[in-house]
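Undergrad: Sequence below, structure please.
(2 chains)
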Amino acid sequence: MAVKAQSRLDAQRLRADFPIFEQLIHGKPLSYLDSAVTSQKPRQVLDAMRTFYETSNANVHRGVYTLSERATAEFEQARQKVADFVNAPSAREIVFTRQATEALNLVAYAWGLNNLGPGDLVVVTELEHHSNFVPWQYIAKRNGAELRMIHVNDEGELDLAGLDELAKDGEVKVVATNLVSNALGTINPVEKLAEWAHALGAIMVVDAAQAAPHHPVDVQALGCDFLALSAHKMCGPTGVGALWGRRELLESMEPFNLGGHMISKVRFEETTWGEIPHKFEAGTSPIAEAVGLGAAIDYLNAVGIAAIEAHEQELAAVALERLGEMPGVVLYGPPADRRAGIVSFNVEGIHPHDVAQVLDSEGVAIRAGHHCCQPLMARLGVAATNRASFYLYSVPEEVDRLVDGIDKARRILG
Amino acid sequence: MAAEDLYREVILDHYKNPRGHGVIEGADAQAEGVNPLCGDEVTIYVQFADDGETIDEVKFNGRGCAISQASTSMLMEMVKGRSAQEIAELPKEQLLEEVGIPLTPIRLKCALLGLGVLKVALHRAKGTPLPEEWAGLDELELS
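TA: Below is the predicted model of the structure:
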């Protein structure tokens, strides 16, 4: 590993680990300010996946031959790395999925479908990504349960004052929230919500897709029951994510996908399910991708999650200050010290897509849209926002380029 | 692509001074559509001449990115005085030629939103054919 743990990170040096930055976009260096949607991948991760394919590739948990044993060992080692990364009591509580979305669907279907009914309440937040909103909305409706929402205040932080009101006239069975909002960067008080959920006898489901890349994730400290993450947002490959679930809950649940590997005994009359986590991993898993996720976790640990978070908050603070000084720029979300490295904004009179297009011509990649958060956009009274998001390879000059690009957009379109 | 190629003078002119912007109360034909990607929204109103076929008056309102609003504005100028059937058959390439800027597949949806909405409006009022990609969509959603 080329990188060492340190309290401050050297983004310029880390940047050299990412081959994507070796190219020009429209003749200009790439300034990638869209890591909240997917991160770039370091050589260490790409090499780990290539090495796996070149030296260990075989299906897992099947063959008796050496390669299959090697592949299985690497796959299970990756599971252990995920378990350690989120401080899970046991690697058996880690289920590999395609991404956080599938992990959340797994909980909504395999737990929700069998435990929700009329009179039950499912509580989500206004900050949810559609992936932790739509499955609950769907399953609640299907089972006759009611969906309720924790609203945000004007700073884009959850308003917990009305919690007791929310729990009236029904039985709260599920509380679902993200740990970090992908649209605004808000860091949510999951511990408090978990306490509230458990006092009511509900389960606490956490979408950590936006937290895991740069915020400590400790399922025991959070006190949650389920937690989902995606590899691709944390320097890992697309196609793999993970669900952590409390062992007794996972054991009590029906399976989600059915097929090979997840069974114990298959007879014509009946099939019995395998042990956790295999019960939830039907079919061939994303094996090389899981190995890539393991390598990504090694990479993040070597840099240090605390250092990554501090670095991003520094950049976000500068960006918020610089953008705040620009006339006609509206900022959304909480102050820099209470958010991840995500800056959502609008430029008065210019549609976010036009801002993003002008920035692209300068080699600066930002997101423009509803960020899969339409209920939140409705609350903010906008159709879309611009979003710049930072990561461990972001450097201060990129904030300058962002500001210059917005200036250019205003000259052209203002 | 340089931003100046995309946001050329004529696009900016139509964006900042849209032609045919407004509402026709009690319009003969009307439809609205959104492009969920940008959140562009366009509603188009059509008034036919006495022959019930010629587009006598056409207006639009909505909000969205410069490309969607400018191309709809250009569309308003293109279709006035022409027959519903003619517009139903109008190839999208003709509007794109008018718009005249290089568009990525994503921005193409912005540029074609207005045309799609107009075709749906005519389809509803006159039963003119809809291009396959827009058929069956009551509330146009180009995703």
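Undergrad: which residues of chain B score low on pLDDT?
TA: B:1, B:37, B:132-143 (pLDDT under 70).
Undergrad: Which residues of chain B lie near chain A?
TA: By the rule Cβ under 8 Å from any Cβ of the partner chain, the part of chain B lying against chain A is B:1-4, B:6-7, B:12, B:15, B:36-41, B:63-67, B:107, B:110. All C-beta spots, glycine's among them, are computed from the backbone N, C-alpha and C.
Undergrad: these two touch, right, A:Gly185 and A:Val343?
TA: Yes. Counting by Cβ atoms under 8 Å, A:Gly185 touches A:Val343, with 7.2 Å between them.
Undergrad: and for these two, which residues touch both?
TA: A:316, A:333, A:389 (Cβ atoms under 8 Å, 6 or more residues apart in numbering or on different chains).
Undergrad: ok, and the most crowded of the residues you listed?
TA: A:Ser389 (29 neighbours; other Cβ atoms under 10 Å in any protein chain shown).
Undergrad: which non-adjacent residue is nearest it?
TA: A:Ala36 (3.5 Å; Cβ to Cβ, 6 or more residues apart in numbering or on different chains).
Undergrad: Let's see whichever strand or helix holds A:Arg379 as PDB, backbone CA atoms only.
TA: Taking DSSP states H and E as the criterion, A:Arg379 maps to helix A:374-380. Only the C-alpha atoms of helix A:374-380 are listed here, as PDB (Å, rounded to 0.1, in the frame of the first residue of the first chain):
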ATOM      1  CA  GLN A 374     -37.700  14.700  -5.400                       C
ATOM      2  CA  PRO A 375     -39.600  15.000  -2.100                       C
ATOM      3  CA  LEU A 376     -36.700  17.100  -0.800                       C
ATOM      4  CA  MET A 377     -36.600  19.300  -3.900                       C
ATOM      5  CA  ALA A 378     -40.300  19.900  -3.500                       C
ATOM      6  CA  ARG A 379     -39.600  21.000   0.100                       C
ATOM      7  CA  LEU A 380     -36.900  23.400  -1.100                       C
END
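Undergrad: Show the average pLDDT along the helix or strand following it.
TA: As assigned by DSSP H and E, the chain's next helix or strand after helix A:374-380 is strand A:385-389. Averaging pLDDT along strand A:385-389 yields 96.
Undergrad: was I right about A:Pro352 contacting A:His371?
TA: No. Using Cβ under 8 Å, A:Pro352 makes no contact with A:His371, being 10.3 Å away.
Undergrad: Could you check the helix holding A:Arg379 and say which residues are buried?
TA: For helix A:374-380, burial by neighbour count (16 or more other Cβ atoms under 10 Å in any protein chain shown) applies to A:374-377, A:379-380.
Undergrad: quick check, distance from that helix to the centre of its chain.
TA: With Cα atoms, centre = their mean, to the nearest Å as the basis, helix A:374-380 stands 19 Å off its chain's centre.
Undergrad: And stretch A:234-242, by the same measure?
TA: Centroid separation between stretch A:234-242 and its chain, computed with Cα atoms, centre = their mean, is 10 Å.
Undergrad: outside of that stretch, which residues touch it?
TA: Identification of contacts with stretch A:234-242 by Cβ under 8 Å, 6+ apart yields A:38-42, A:45, A:49, A:82, A:94-103, A:209, A:212-213, A:228-232, A:286, A:288-290, A:292-293, A:295-297, A:299-300.
Undergrad: Would you list the buried entries among the residues you listed?
TA: Using 16+ other Cβ under 10 Å as the burial test, the contacts of stretch A:234-242 include A:39-42, A:45, A:49, A:82, A:94-103, A:209, A:212-213, A:228-232, A:286, A:288-290, A:292-293, A:295-297, A:299-300 as buried.
Undergrad: What about those residues, which are in helices?
TA: A:45, A:49, A:82, A:100-103, A:288-290, A:292-293, A:295-297, A:299-300 (DSSP state H).
Undergrad: Neighbours of the residue of the stretch 1-150 of chain A found nearest chain B, how many?
TA: Residue nearest to chain B within the stretch 1-150 of chain A: A:His26 (6.9 Å; Cβ to the nearest Cβ). For A:His26, the count of nearby residues is 13 (other Cβ under 10 Å).
Undergrad: A:Gln357 is in contact with that one, correct?
TA: No. A:His26 sits out of contact with A:Gln357 when judged by Cβ under 8 Å, with a separation of 11.4 Å.
Undergrad: State which one residue of chain B is found closest to chain A.
TA: Closest point on chain B to chain A, by Cβ to the nearest Cβ, is B:Gly39, at 3.0 Å.
Undergrad: mind listing what the helix-or-strand element of chain A with minimal mean pLDDT pairs with, with the direction of each?
TA: The least trusted helix or strand in chain A, going by mean pLDDT, DSSP states H and E, turns out to be strand A:263-266, with a mean of 84. Applying DSSP bridges, strand A:263-266 is found paired with strand A:271-273 (antiparallel).
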